[in-house]
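Chemist: next comes the sequence, and after it the predicted model I'd like to discuss.
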Amino acid sequence: MKRAFLLIFVALALVACSKEEQVSPNERFSTFTSHWSEQEFEEVYDMFSKETKSNITPEQSVERYAKIYEDLDVENIEITFDELSEEEVKALAEEENPSVTLPFSVELESFAGPIVFNYEATLVQEPVSEEDDAELSWFVNWDAGFIHPELQNGGEIGIQPVQPVRGEILDRNQMPLAINDYVYQIGIKPGELENKEQSIAEMAGILNMNEEKINEALDADWVEDHLFVPITTILPTDKDIYDQLMAISGVQKKDMTGRIYPGGEATAHLVGYIGDITAEFLESTDSDEYGPNDKVGRRGLEQLYEEQLKGKRGVTVFIRKEDGSEVTIAEKPVENGKTIQLTIDINTQEKIFNVYKEDAGTAAAIDPQTGETLALVSAPSFDPNEILYGTNNVWDDLEKDPKQPLVNRFAASFAPGSVIKPVTAAAGIHAGTLDPEETFEIDGLQWSKGEEWGDYKVTRVSLSNGPVDLKDALLRSDNIYFAMQAVDMGSDAFIEEFKRFGFEEEFPYEYPIATSTISNNGGLADEVLLANSSYGQGELEMTALHLATSYTTFLNEGNMLQPTLLLDEETGQIWKEGLVAKEEAQRIDDILRAVVTDGTAQQAEDANVPLAGKTGTVELKLTAETGGSINSWFVGYPHESRDILIAMMMEKTEDKPNGYTVGQFVDVMNQIYPGEQESQDD
């Protein structure tokens, strides 16, 4: 009897030890959540209860989790739960077929932001295998609520992207340069075409399109007779084209939002345009903000400020329940693009651009008191609206145009000719080699330093009536005087002084502008090249904007201002300080006024306001013996108000009347300052 009792006691003890050695619900659910947080979904499925597994296959479970988490770009999953106490665990050991409920919380990151929810897990104790029902463990009664509680009773997860509105580009007065407005999408409803072949031919003729392209759109697999098939997009301002298209049966329009460029050709090179995204762009960018159907900045400010203008997509993650209702579970607000406001004055921009008509050239206008850019002009140009909404041949025509309308001239550098002479004067004065009061006897129209120059001679356009000083040299634009001064200064000093004016240095500006250069290699080993550089030829090149900026030196007590393009930039900042003494800057300013009253720019006296400025002519030689085309410059400003300074260049003026560029400049100034001519100072 005692022996039987002892055997029963040992057996009970072994059972008790076995139960104590079993994994607790806390440990089991901890393992479950660990697999879950690591997105190890096959291991998660292995821990489902028999009841759960009877309702969902391993493939269904893994696929559902994996797809949802992949679509939402889920990461950083953190799961916490309320553990059972030791007493509660011990109590479960005494129960038959026990189960337990564990509240848990889930936090995870998705591309739409954090998703957080609370739920409850029911764990049941079951045999580990059908072959051995003695070995027990805890298994999870899983349902769709583990993905999100709103899915517990059915439903599906939906993702709704929200595209940002592209930022606009405005001028200083908030006039639009690039805006979002409605355009007409032109399309066809195939079932309403009365005569398909004839209608397509008419449409192609009106739009200057290839009939084959229209037929390709109509032959797409998805096309049905009642569906609208998009063909092209036009502007509402194209009224004649619109009226002709609407007269064709089956042709219809839909309003849609598009990018509009109100400045057209006048601002095309500055503002640029947007276009279809390319495969190369998608491969090169690490941003997830772009898709294959997006538009992206292709030139100008649209490209330069693509990131700010683009904005960031928003997205809403929701659950659509079986009754059709929707519950948002995560949301990333859309960030619309930033509006870019420029210092540019569209009225000034258009006035300058319009005087070019059929001529090629460039101009830059700044406020010489603040450094704000008022205009950046490149002519000829193109209409970005036609590139976006025009015919198929627009781009080919532009590329073949011998006047090169696609070339951005205001961002390029050119030989400045004699308009550089005030800079040469300031450089010599600062270097101590040029005395403005000193006079020189210069005989004839040509000068050479000596035999070391060989046959080369510097030529001037007019004879002097007596000794030549700085004022006389600037009034008559005397090449010989400035060549002599440069040779006296020497190459090293000349280069040093011109570098003080920003040559051979990256131009400090928001828009990419070419670096102004002293020579092809930055040096002046050849003394003839040094002489030619003094009056803006040789290999010296400068941008129109840098040229305009350099003239602010003479209006700001010898300091060159920092040019600005964005309205929120700080103005009036000095880029180069103390380029010349205050009194010498004033001297050059006064002489520039005299250039208009008594010198080479007397045609500028026709302006409605007193002007100051300097003319310049550049002969682009084909060979040393053969002349080529001529570019003409004028840099000027109203001498009294000093509220605008323009550097203007006209290309190929060899067949134009004398003073042609000055005349165009006066035309611009009279538009800016309309009214009767004011009294002129002497």
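Modeler: It's in.
Chemist: residue contacts, residue 398?
Modeler: Applying CB atoms under 8 Å, 6 or more residues apart in numbering to residue 398 gives the contacts 382, 405, 406. To be clear about C-beta, it is placed using only N, CA and C from the backbone, and glycine gets the same treatment.
Chemist: any idea which element it lies in?
Modeler: Taking DSSP states H and E as the criterion, residue 398 maps to helix 394-400.
Chemist: quick check: next helix or strand after that helix?
Modeler: Later in the chain than helix 394-400, the nearest helix or strand by DSSP H and E is helix 421-431.
Chemist: by contact count, what packs against that following helix?
Modeler: helix 470-476, helix 479-489, helix 491-500, helix 582-598, strand 611-619 (3 or more CB pairs under 8 Å, 6 or more residues apart in numbering; DSSP states H and E).
Chemist: now find how far off-centre the lengthiest strand in the chain is within its chain.
Modeler: Across the chain, the strand with the greatest residue count (assigned by DSSP state E) is strand 113-127. Taking CA atoms, centre = their mean, to the nearest Å, the mean C-alpha location of strand 113-127 is offset from the chain mean by 48 Å.
Chemist: ditto for stretch 53-62
Modeler: Centre-to-centre, stretch 53-62 and its host chain are 50 Å apart (CA atoms, centre = their mean).
Chemist: offset the numbering so it begins at 744, please.
Modeler: That works, and once the first residue is 744, the last one we named lands at stretch 796-805.
Chemist: buried set for the helix holding residue 1141?
Modeler: 1137, 1141 (16 or more other CB atoms under 10 Å).
Chemist: quick check: mean pLDDT across that helix?
Modeler: For helix 1137-1143, mean pLDDT is 86.
Chemist: try stretch 1354-1370
Modeler: In this model, stretch 1354-1370 has a mean pLDDT of 78.
Chemist: could I have the helix holding residue 1141 exported to PDB, CA atoms only?
Modeler: Presented in PDB, the C-alpha positions along helix 1137-1143 are these (Å, rounded to 0.1, in the frame of the first residue of the first chain):
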ATOM      1  CA  VAL A1137       8.400  73.000 -82.800                       C
ATOM      2  CA  TRP A1138      11.500  71.500 -81.200                       C
ATOM      3  CA  ASP A1139      13.000  70.500 -84.600                       C
ATOM      4  CA  ASP A1140      12.400  74.000 -86.000                       C
ATOM      5  CA  LEU A1141      14.100  75.600 -83.000                       C
ATOM      6  CA  GLU A1142      17.100  73.300 -83.200                       C
ATOM      7  CA  LYS A1143      17.500  74.100 -86.900                       C
END
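Chemist: can you give me the helices in the stretch 844-993 of the chain?
Modeler: 939-950, 954-961, 982-989 (DSSP state H, counting those that start in this stretch).
Chemist: adding mean pLDDT and mean neighbour count, write those out as a markdown table.
Modeler: Conversion of the helices of the stretch 844-993 of the chain to a markdown table gives the following (pLDDT from 0 to 100; neighbours: other CB atoms under 10 Å):
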| stretch | mean pLDDT | mean neighbour count |
| --- | --- | --- |
| helix 939-950 | 91 | 16 |
| helix 954-961 | 90 | 14 |
| helix 982-989 | 93 | 14 |
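Chemist: which helices and strands does the longest strand of the chain pack with?
Modeler: If contacts are counted by 3+ CB pairs under 8 Å, 6+ apart, strand 856-870 sits against helix 768-780, strand 842-853, strand 879-884, strand 1069-1075.
Chemist: buried residues, the longest one. List them.
Modeler: Of the residues in helix 768-780, those scored as buried under the neighbour-count criterion (16+ other CB under 10 Å) are 768, 769, 771, 772, 775, 776, 778, 779.
Chemist: domain ranges for this protein, per the record?
Modeler: Under the assignment automatic domain parsing, the domains of the chain span 765-896, 912-1084, 1091-1362+1371-1415.
Chemist: highest mean neighbour count out of these?
Modeler: domain 1091-1362+1371-1415 (a mean of 20; mean count of other CB atoms under 10 Å).
Chemist: now do the end-to-end distance for that domain.
Modeler: Its first and final residues considered, domain 1091-1362+1371-1415 spans 7 Å by CA to CA, to the nearest Å.
Chemist: next up, the contacts around residue 1309.
Modeler: Each residue near residue 1309 by CB under 8 Å, 6+ apart is listed here: 1083, 1084, 1085, 1086, 1253.
Chemist: check the last one and give its pLDDT.
Modeler: So the one you mean is residue 1253. On the pLDDT scale, residue 1253 is placed at 95.
Chemist: where does the prediction get shaky in the stretch 1244-1393 of the chain?
Modeler: By pLDDT under 70, the weakly predicted segments of the stretch 1244-1393 of the chain are 1364-1370.
Chemist: can you give me the strands in it?
Modeler: Using DSSP state E, counting those that start in this stretch, the strands found in the stretch 1244-1393 of the chain span residues 1303-1304, 1317-1319, 1354-1362, 1373-1381, 1388-1393.
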